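Q: Quick one: sequence and predicted model below, then my questions.
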Amino acid sequence: MKKRIALLLCFALLLPCLFLFASCGGDGAEETTAATTENDGPYTVTFVAGDRETTVTVERGETPVFPEELLSWETAEHFYKILGWDKEIVPAQGDVTYTATVGEYGLTLYEVLFVLPIGIVKVPTHEGEIPTPPKGYETDDTQEYKIGAFKEWDKELTAPTAENTENGSKKMSYTPVYNYSPRYVAALLSAKDGAKGILTMTYDDGILATATWVNAQNKKYGTKGSCMMVPNWAGTKPNFANKVNEWNAIFADGTLEPQNHSMTHERILPGEDADWEKTQWEQHKYNCIRENYDIELVQSKAVIEEAFPGHDVICFAPSNNTLSKRSFRTDGNGNLMKYANGEYVLVNDGGATKVAEATYYAIRKGNRGVQSLDPTLDGNAGGWYNLRIRAFKDFSGDEKLTQGKSWIDETVRDGNWLIVMCHGISGNGASGSGDITTAAAESFFAYASPKIQSGELWAATFSEATKYIRERQNTTVSARFENDAVLVDMIINRTTADGKTLDEAIFHDPLTVEVRVPDNWKNVQYSDGAKTLTAAVYKHDGASFAMVNLTPGADGATVTTEVTRYVAN
């Protein structure tokens, strides 16, 4: 009983305390909520700079910004500049004060020159003030094959005074010193293996005797060329139809290849009014009908490719170097149509020119002159569909060889594509009349040979040069350095700007890439497909490079090649 009474007394004494505790807890929660609400912002941020005080108002979490126009000021005696703050300026969580470190300088201005790679930058600096380097000094990005990281100034940055400036001129200058490392770049070279120019010989009309003789000279001098075939021309048809095996034996040597010169060698006139007026032959008009274009330009290509398997006929040289731009209209029976006044009906349909440009990747007409290594995508002289040529037949006697040698010199000197048109070659070892004698032709080959052997001149067939340049014009490369290797990325767009497809089955020739490598490398190793290859390192412009031959991949695919240091055993 006594215990029960004691417990009741304790409970009675504790009850008021519990009420008091509950009451205090409730009031505290209300006070805390009120305090938090009151401190959510906005806040006042005070900036103190000497005897100046600036305030800004910001929201919670907002980073205060000191007004830029107040970072410096002048008095009658001094120039002042804020050098920093007593603490880091951070997003606001409440009212805060920042105090500046202020520099005091003389009013006299000096011209401090920073001699940077990008040029001289003038920084006006007050007396006693340590000059502030301009933006951009941290990196030298002006060098083509190397990049510089800032190391130090050529001398310690010092506040200018009358005593330490240059001859009392109120000027002083500083030049940055950099640590350089290679800039890893890659570039597609204009011609294979870095040759300065390309020599392509073309032999018109498919003359077997000329091809036989030239093939032997090519083996001797390292020259190459293309035979422009005419499958169904009465003059050379026996050379084609009955001599396919002989032709294939020649082409198997790899110094010559077949390309197209039309089916019958019939003249397809350009289609300008003056040409039509000159032409009285009905046959010439029938040559300029759409049905004939298919025979002369399209079916002929198929005939040549069937006769000589493994050869891609992608180049064309029209007979007499002409292609029509308009066509005569025929009736349902294939007869030429006329107007009531007797004039023939002409159609502005692009003629044979349009068909040829749709069928071939390169067309060699008769325009003379220097051909660029970058033909334009059009039919203008020098473009892919009207490549410029040189011709021995334009000269006589000894001038043929003299001119030929000058073409070689010009090609190597200026970096061009020398396309030579030649027909028959006459003299010992070759039969019939021709543009040049065998003696002069051999002298021409002999003159070109040392430049071919040295790598200055690439001797290429018509299709080889076309494939290389067409691929190059549609390919990009880049390089980077990772894990002691230079990685070269190559991407080809297999649709040209003029709408042609660079079919991977045809356009798969390696392209020569010049790649920057570390300066202490002497040789490199890389792979192209299943082949492992090596190349020597060489220098130009004080930097180290290697030439690698890489094959483009599928359309739009990035082909990455690892180029590594190679030490021969």
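A: Received the coordinates, thanks. Everything quoted here is computed from the prediction, not taken from an experiment.
Q: shaky segments in the stretch 51-200 of the chain?
A: Applying pLDDT under 70 to the stretch 51-200 of the chain picks out residues 167-168.
Q: Strands of that one, start to end?
A: In the stretch 51-200 of the chain, the segments counted as strands under DSSP state E, counting those that start in this stretch are 52-58, 72-74, 79-85, 96-105, 109-116, 119-126, 139-140, 146-153, 171-174, 176-182, 186-188, 197-204.
Q: Let me see the contact set for residue 224.
A: The neighbours of residue 224, taking CB atoms under 8 Å, 6 or more residues apart in numbering as the test, are 200, 201, 218, 254, 255, 256, 459, 460, 461, 464. (Each C-beta comes from the backbone N, C-alpha and C, glycine too.)
Q: Kindly report the same for residue 526.
A: If you count contacts by CB under 8 Å, 6+ apart, residue 526 has them with 488, 532, 533, 534, 535, 548, 550, 561, 562, 563, 564.
Q: just these now: which is nearest residue 496?
A: Distances from residue 496 to the contacts of residue 526, taken as CB to CB, are shortest for residue 550 (19.8 Å).
Q: re earlier: identify, out of the strands of the stretch 51-200 of the chain, the most deeply packed stretch.
A: With neighbours taken as mean count of other CB atoms under 10 Å, those reach their highest mean count in strand 197-204, at a mean of 25.
Q: how about it as PDB, C-alpha atoms only?
A: Output of strand 197-204 as PDB, limited to C-alpha atoms (Å, rounded to 0.1, in the frame of the first residue of the first chain):
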ATOM      1  CA  GLY A 197      54.100  14.800-109.800                       C
ATOM      2  CA  ILE A 198      52.400  12.000-111.800                       C
ATOM      3  CA  LEU A 199      53.300  10.800-115.300                       C
ATOM      4  CA  THR A 200      50.500   9.000-117.200                       C
ATOM      5  CA  MET A 201      51.100   7.800-120.800                       C
ATOM      6  CA  THR A 202      48.000   7.100-122.900                       C
ATOM      7  CA  TYR A 203      48.200   5.300-126.200                       C
ATOM      8  CA  ASP A 204      45.200   5.800-128.500                       C
END
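Q: Give the partner strands of it in its sheet and their orientations.
A: Using DSSP bridges, strand 197-204 pairs in its sheet with strand 225-229 (parallel), strand 417-422 (parallel), strand 457-459 (parallel).
Q: Domain-wise, how is this structure divided?
A: 1-38, 43-105, 109-180, 192-467, 474-565 (automatic domain parsing).
Q: from the contacts of residue 224, which would you call buried?
A: Neighbour counting over the contacts of residue 224 (16 or more other CB atoms under 10 Å) leaves 200, 201, 218, 255, 256, 459, 460, 461, 464 as the buried ones.
Q: Which of those residues sits closest to residue 136?
A: When these are ranked by distance to residue 136 (CB to CB), residue 460 comes first, at 46.0 Å.
Q: Which of the domains of the chain sits closest to residue 186?
A: Among these, domain 474-565 comes nearest to residue 186, with 3.9 Å by CB to CB.
Q: ok, back up a step: and of the strands paired with strand 197-204, who's closest to residue 346?
A: Closest to residue 346 of the strands paired with strand 197-204, according to CB to CB: strand 225-229, at 28.8 Å.
Q: what's residue 444 sitting at in phi/psi?
A: In terms of degrees, to the nearest 10, the main-chain angles of residue 444 are phi -60, psi -50.
Q: in the chain, what secondary structure element scores lowest on mean pLDDT?
A: Of all helical and strand segments in the chain, the minimum by mean pLDDT, DSSP states H and E falls on helix 2-38, at a mean of 42.
Q: measure the closest residue to residue 81 other than its chain neighbours to residue 51 for me?
A: Spatial nearest neighbour of residue 81, excluding adjacent residues (CB to CB, 6 or more residues apart in numbering): residue 72 at 4.3 Å. Look at residue 72 and residue 51: by CB to CB, to the nearest Å, they are 15 Å apart.
Q: Mind pulling up the pLDDT for residue 272?
A: pLDDT for residue 272: 52.
Q: that older thread, show me the contacts of residue 224 that map onto strands.
A: Mapping the contacts of residue 224 onto strands (DSSP state E) picks out 200, 201, 256, 459.
Q: The stretch 451-569 of the chain: helices as residue ranges?
A: Taking DSSP state H, counting those that start in this stretch, the helices of the stretch 451-569 of the chain run over residues 462-473.
Q: In it, where is pLDDT below threshold?
A: Within the stretch 451-569 of the chain, no range satisfies pLDDT under 70.
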